[in-house]
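S.K.: sequence first, then the predicted structure, then my questions.
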Amino acid sequence: MVRGHPSGATVTLDALTPLLRCPACGAALSLDRVPQPDPEAGDCGVLRCPCAADYPVLDGVPILRTGRLDRRSIADDLVLAPGPDVAAVVSAVEAGRALGALVDLLAAPLCPWPLNRVGAGRRLSLLGPLRSAGLALRRRRVHAMLRHRDGLTAEDWLATFYLHAPEVYDPFNYFFFRFGTPRHLATLGLVSALPADASPVLDLACGYGHLAHTLSALGRAVVGLDQNVHQAWLARHYVAPGAAFVCADASRPLPFADAAFGAAVCSDAFHYVRDKGGAVAELDRVSAGGPLLFPTVGNALVGSPDGHELAPDAYRALFDGWHVRVTSDDAVFAHYREGLGPDLSGPDADVDGAKWLAIAATKGDPDCLLRDHGPLDAGPGGWPHAAGRLALNPLYEREPGGDRRALRMPSPWYEAENGGVREYMPAVVGEGEALTTALVARAAAVGLPERYARPRRPWTQRADRALTRAVRRVRG
């Protein structure tokens, strides 16, 4: 089981900088810190390369990208707001205006609820004058939130990013309620196969840092990479503050030194990568032959393609010269529910009929990775998902006037994607019930970041759910 070393649980910007490389030429970068007049701008600076390329650091997050930093919709990749280019952000940092650049990169156009639930309303909010007005209001809101950032939670920011933005609401549910879902637990099951190592782990396409939170809480040094500034920023400050995060494009050469990491994980994202062969080659370079883990990879043979899926044999072909095992998420999850790590001893089972695959590969000793990993041994009671501040799963809501909390699905989409939680989570728990080992074993209690969830759901979320259900009934 990945236990790591407590001394490696926190990755500071100073510790991260020697691992970074210029994505254009591959040279080492030097950090030039630039103090800002606004304390809410955080730790800012410029990473300078001998090739004359400069990259900004905003609030502790290096942005190793080129071109324009557009704010895009996760739902359908619409450009919600054209962002500044990287050179403009560098200039803003050098001129002491980093806070304005940070606000711009965290702000998306405002689309008043419930118009953001309607496709036409969403598109309407992106038209010239409406988008300009929405962005101005959003910037004021984000600026105010940054002034009070220490009193906010990840939930507050996710609601700001999605509830009143021209997005469908499900991205909020997908990210906020991720802890304890079958997909996340399967990821933790596969990642439990990582051997203990003081070297950091690369979390590629890290999203909002849910996996990084668990690995960091278990004492492993983690560096996350995502192309979205707002995801890397929220992960760094609210979800996994012990880890370091970099905003960069995974489709380009990874901005890291050779052998910078002891392992790499790409969870629920590898099927979106176009050049998978190039990605494997880059992961090989930065991890010196792995191990590499890919939980939740889409299978092109089953259902509608999601992203750029391949068939299982095509995934295997990417790892020529590697020791590789392809199994299914369902198999890994079934073992995890029994308190076991994955059985990677092989040979590969027939997974052609499985929609979601799990891939493990290494160029090192295969017996360290490709074996039956047996009982879990991390976190309270041996459960990795309990690492962190133990709390009731946010899917449980207080019943009106009652002394119980009930398991509630936040949306029809979430029910369709994650309804399997009902198979292992109890339908109700007592108000104030002790967070026992039994609740942990059923993922009704999970380890959360310190500043993750509000004590109770805001009325806006409850109203949105009620409207969603009413619309579905009418359409149905």
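M.R.: Looks like it arrived, so ask away. Just so it is clear, the model here is predicted, and its values are computed rather than measured.

S.K.: for V265, give me the backbone phi and psi.
M.R.: In terms of degrees, to the nearest 10, the main-chain angles of V265 are phi -130, psi 140.

S.K.: how close does it sit to V93?
M.R.: Note on V265: its distance to V93, by C-beta to C-beta, to the nearest Å, is 31 Å. C-beta: built from backbone N, CA, C; applies to glycine.

S.K.: mind listing what's buried in stretch 241-252?
M.R.: Buried positions in stretch 241-252, judged by neighbour count with 16 or more other C-beta atoms under 10 Å: P241, G242, A243, A244, F245, V246, C247, A248, D249, A250, R252.

S.K.: and for the longest helix seen in the chain, what's in contact with it?
M.R.: Among the segments of the chain that qualify as a helix by DSSP state H, the longest is helix 128-147. The set of residues that contact helix 128-147 without belonging to it, under C-beta atoms under 8 Å, 6 or more residues apart in numbering, is 40, 81, 99, 102-104, 106-111, 124-125, 152, 156-157, 160, 165.

S.K.: kindly report the same for stretch 432-442.
M.R.: Counting by C-beta under 8 Å, 6+ apart, stretch 432-442 makes contact with 339, 380-381, 383, 385-386, 390-392, 424-426, 429, 445-446, all of which sit outside it.

S.K.: go again with 10 Å.
M.R.: By C-beta atoms under 10 Å, 6 or more residues apart in numbering, the list of residues contacting stretch 432-442 from outside reads 180, 337, 339, 379-383, 385-386, 390-393, 403-405, 421, 423-426, 429, 444-447.

S.K.: quick check: PyMOL command selecting the buried ones in those residues.
M.R.: Here is the PyMOL command that selects the buried residues among these (16+ other C-beta under 10 Å):
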select buried, resi 180+337+379+380+382+383+385+386+391+392+393+405+421+425+429+444+445+446+447
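
S.K.: return the subset of the contacts of stretch 432-442 lying in strands.
M.R.: Cross-referencing the contacts of stretch 432-442 against strands under DSSP state E gives L390, A391, L392, R404, R405, V429, A445, V446, G447.

S.K.: which non-adjacent residue is nearest the last one?
M.R.: Of all residues not flanking G447 in the chain, G388 sits nearest, at 3.1 Å (C-beta to C-beta, 6 or more residues apart in numbering).

S.K.: wait, doesn't the one you found sit right on A212?
M.R.: No. In this structure, G388 sits apart from A212 without contact. The criterion is C-beta atoms under 10 Å, and the distance is 11.3 Å.

S.K.: neighbour-wise, which of these two wins?
M.R.: Using other C-beta atoms under 10 Å, the more surrounded residue of G388 and A212 is A212, with 28 against 21.

S.K.: OK, contacts around the more buried one?
M.R.: A212 sits next to 11, 201, 203, 206, 220, 222-224, 235-236, 239-245, 265 when contact means C-beta under 10 Å, 6+ apart.

S.K.: what about it, which helix or strand?
M.R.: Secondary structure here is read from DSSP states H and E; on that basis A212 sits in helix 210-217.

S.K.: repeat that for V223.
M.R.: Element membership of V223, judged by DSSP H and E, is strand 222-226.

S.K.: I'd like the next helix or strand past that strand.
M.R.: If you walk from strand 222-226 toward the C-terminus, the next helix or strand you reach (DSSP H and E) is helix 229-234.

S.K.: having no further points to raise, I will conclude here.
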